[in-house]
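Trainee: just to be clear, the model below is a prediction. Sequence and coordinates:
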Amino acid sequence: MGYIEGYEPDTLREIVDETHCQERLDEIQGQRSLPALLERVWLLKVLGRLDEGLDVAEDAVRQARMAGTRKDLLRARILHATILQFRGAYDAAIAEITTCAEEAEGQGWPAIAAFAYQHRGKVSYDAGDFESARVDFKRALFLRQQAGAPEDQLQATLLAVDAAERRRLEAAVAV
């Protein structure tokens, strides 16, 4: 999604132009294709409209389960878990993403596995488990490199590794 302008270094949340995101959301509002539903989930998440995002995420998972591929279903479930994360349901989000990551790795889909580990790392990061976050971000980096991911994805993952390491060390010093 070309709406990300950067990442907030302390929270790892996406920095977006909210006006641009809202315009895009308005543009695709009535579309029912799976790609449009997934994009709507992400847009609603970054705009902070989590109740709507959860409803659309559940629709996307249902549609992917009925008419999509296994990869589509994994992507939909991961995005659904990110809504749970933003709502503070960390355990549920981690459980959902873990099954997706394991399946993606088992199927030999490194790009989807990396997507899952990156997001599981963000959930752990939000929950204050910086060591688990660091491990997941490093796994995502390895898988993204293996999959030949674009430079912006590699840079986002490197930023996340550094942030998790910094927060892990800060937490250790504070104890």
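Mentor: Received, thanks. Remember, it's a predicted structure, so these values are computed and weren't measured experimentally.
Trainee: tell me the mean pLDDT for the helix ranked longest in the chain?
Mentor: If you go by DSSP state H, the chain has its longest helix at helix 151-174. Taken as a whole, helix 151-174 has a mean pLDDT of 93.
Trainee: helices along the chain, start to end?
Mentor: Per DSSP H, the chain carries helices over the ranges 18-28, 34-46, 50-67, 70-86, 90-107, 110-126, 130-147, 151-174.
Trainee: mean neighbour count, those helices: which tops it?
Mentor: Stretch with highest mean neighbour count among the helices of the chain: helix 110-126 (a mean of 24; mean count of other Cβ atoms under 10 Å). (C-beta placed from N, C-alpha, C; glycine too.)
Trainee: who's in contact with Arg134?
Mentor: Each residue near Arg134 by Cβ atoms under 8 Å, 6 or more residues apart in numbering is listed here: Gly121, Val161, Ala164, Glu165, Arg168.
Trainee: can you list these in JSON lines and add distance to Pro9?
Mentor: Shown next, in JSON lines, are the contacts of Arg134 (distance: Cβ to Cβ, whole Å):
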{"residue": "Gly121", "distance to Pro9": "15"}
{"residue": "Val161", "distance to Pro9": "12"}
{"residue": "Ala164", "distance to Pro9": "11"}
{"residue": "Glu165", "distance to Pro9": "12"}
{"residue": "Arg168", "distance to Pro9": "15"}
